[in-house]
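# coords below, sequence missing:
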């Protein structure tokens, strides 16, 4: 056995401390230029905190200890010479060549002799560590990540036990080379004077080397994780900035100051649509194939319409096609009533189509067992109330639905998202139950309602770039008799005022619109326009309404609804019709993001429909397209219940035929 090299750690510690003291003494007489160096050179010293996991029992070919060791911890020195390349303040590269101590002391074990056995390892490497360096322009913080290639230079151990002689030897079956990785961060403190061409930086740093790739032996299961904390001293060479020659003295003359260009705001006013006050709409209402459950209960919530067996015997889906509510915000009451009959609709369809079957996927954050219990509640309702054969209904349980409502790394709205994930999803391959609209939703329900688009009776105001360049803006509406009404302030690009609010009991006529705003720099902006307002008549026309609903999965795009929009919606649009397309979102997420998302989905919907109409030779169709984000004044539904938020992630399409 060769003698162990335990003193090397103490020698290395002294060497690193001396090097740091010498370099620091040198740095005190150096100074820094105002131009950052591209190349840096230096040294670093650190402490490696090493954690051992796995099993160690066969120490070498001649020593197998009676009781295996499993856990060890130790702090060992680390010292390197380094070079850094920083072509820009943000992106660069680093290289450290280092002595890398990975020794540790195992927790004592009890041998069969009922006596303590101890084991100290002294495993050390020469490490080559290239890294990518990511920094910041505004401060000295930087991050680094890269591989580690280590070459074994020492693998000693010391084993003691009362009934055996002390053993100092080498581990057998060691890996001579390791390839692993590291990630870390540091901060460069410039300690030299600004006028010097030699820049000196003191840089504390920390890094983490995970266990993968750090298996020191080819046998057993020993692996090492390391946290490194240390200090680096770096030198860089910069060049003094030569100031430009002083400009010649020019006699003072009057100067003409040219003001920077000022953004020219535009005010666009869209008056109410001159169309009937009452529109009878036949709506194809998408039916969510999901039942949401309250926290801490596996019972179907009371907001769902639950029938007795006698009531179920006479229930028919067509009963829900009767007229619903008349006002747009209140539309949610009638439509949610239809959705809250989802289990009765499902039971009626399964009863009428005995060859169909379904799978109920229950999801709960409390575990698959509770998720399955949620699914069993739905199954028992269908079996006990509608008499569906239980063999036609499969149940499953999981932690999360697919896809779940979630925000990776998010910290806001977590309670709302959790409520959406506690649910039972209904799945089936039977077209009598579900239809391919753009996702596996229940086959839509046809309902009739006297409907009025909220924008039909609105004066819509658009001020370009208002949300970016204006603090706020307001409008004054002046009637022909001089009466003035004030509205605002507004912060977004678009606002709307109900026609009835402006007209009141006044007669039809022209109204002057004056917009006044204040820019972010304090300047006043005034724009004028006008709008002609008339009281609506009470003519009744027929219309069609379609909706497409998106799950929380942001990757779900309009493209998945192309077939539905092209083959179902577009053929029903007649020559001369008006197509109103409105995008909406729920309240989860940032307001600006939701606004852009709703606008994008509405515009993409128009593009798909326009393409289909052009192919069909219908070119005289008018579109009214807008996105409203999570604006509560335009949202089709509230945002209190999970199903309301699901239905608010929508694009609504109204088809209004030409009123001849």
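Yep, it's here. Source: prediction; values computed, not measured.
# which residue ranges form the helices in the stretch 501-650 of the chain?
562-564, 591-615, 642-648 (DSSP state H, counting those that start in this stretch).
# so which elements touch the shortest one?
When contacts are defined as 3 or more C-beta pairs under 8 Å, 6 or more residues apart in numbering; DSSP states H and E, helix 562-564 sits against none of the other helices and strands. All C-beta atoms are positioned from the backbone trio N, CA, C, and that covers glycine.
# may I see the buried residues of that helix?
562, 564 (16 or more other C-beta atoms under 10 Å).
# before we move on, what about stretch 599-610?
Buried residues in stretch 599-610, counted by 16+ other C-beta under 10 Å: 599, 601-606, 608-610.
# any chance of a markdown table for those residues, columns pLDDT?
Shown next, in a markdown table, are the buried residues of stretch 599-610 (pLDDT from 0 to 100):
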| residue | pLDDT |
| --- | --- |
| 599 | 92 |
| 601 | 91 |
| 602 | 93 |
| 603 | 93 |
| 604 | 92 |
| 605 | 93 |
| 606 | 93 |
| 608 | 93 |
| 609 | 93 |
| 610 | 93 |
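# a markdown table for those residues, including distance to residue 312?
Below are the buried residues of stretch 599-610 laid out as a markdown table (distance: C-beta to C-beta, whole Å):
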| residue | distance to residue 312 |
| --- | --- |
| 599 | 44 |
| 601 | 38 |
| 602 | 40 |
| 603 | 44 |
| 604 | 41 |
| 605 | 38 |
| 606 | 42 |
| 608 | 40 |
| 609 | 40 |
| 610 | 45 |
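# show me the contacts for the residue lying closest to residue 634 once chain neighbours are set aside.
Nearest residue to residue 634, sequence neighbours excluded (C-beta to C-beta, 6 or more residues apart in numbering): residue 628, at 4.1 Å. Applying C-beta atoms under 8 Å, 6 or more residues apart in numbering, we find residue 628 in contact with 582-584, 595, 598, 634-635.
# looking at those residues, which are in strands?
Under the assignment DSSP state E, these contribute 582-584 to strands.
# which of those sits closest to residue 99?
Relative to residue 99, the closest of the ones in strands among the contacts of residue 628 is residue 583; by C-beta to C-beta it sits at 61.8 Å.
# before we move on, the earlier item: export the helices of the stretch 501-650 of the chain to CSV and append columns for distance to residue 392.
Shown next, in CSV, are the helices of the stretch 501-650 of the chain (distance: least, C-beta to C-beta, whole Å):
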stretch, distance to residue 392
helix 562-564, 28
helix 591-615, 37
helix 642-648, 25
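# quick one, which of these is nearest to residue 39?
helix 591-615 (42.4 Å).
# what packs against the helix or strand where residue 166 lies?
Using DSSP states H and E, residue 166 maps to strand 164-170. Strand 164-170 sits against strand 56-60, strand 141-161, with contacts defined as 3+ C-beta pairs under 8 Å, 6+ apart.
# hang on, the earlier thing: highest neighbour count among the ones in strands among the contacts of residue 628?
For the ones in strands among the contacts of residue 628, the largest number of neighbours (other C-beta atoms under 10 Å) sits with residue 583, at 27 neighbours.
# so who does that one touch?
Residues near residue 583 by C-beta under 8 Å, 6+ apart: 597-602, 605, 626-628, 650-651.
# do you know how far it is from residue 296?
Residue 583 sits 35 Å away from residue 296, going by C-beta to C-beta, to the nearest Å.
# so what secondary structure elements neighbour the helix or strand harbouring residue 40?
Using DSSP H and E, the element containing residue 40 is strand 39-53. Here strand 39-53 touches helix 7-27, strand 72-85, strand 91-101, strand 104-106, strand 198-209, strand 223-237, going by 3+ C-beta pairs under 8 Å, 6+ apart.
# could you dump the ones you listed into a markdown table and include mean neighbour count, distance to residue 184 and mean pLDDT?
Compiled in a markdown table, these are given as follows (neighbours: other C-beta atoms under 10 Å; distance: least, C-beta to C-beta, whole Å; pLDDT from 0 to 100):
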| stretch | mean neighbour count | distance to residue 184 | mean pLDDT |
| --- | --- | --- | --- |
| helix 7-27 | 14 | 18 | 48 |
| strand 72-85 | 19 | 12 | 96 |
| strand 91-101 | 20 | 10 | 96 |
| strand 104-106 | 20 | 20 | 94 |
| strand 198-209 | 20 | 3 | 94 |
| strand 223-237 | 20 | 7 | 95 |
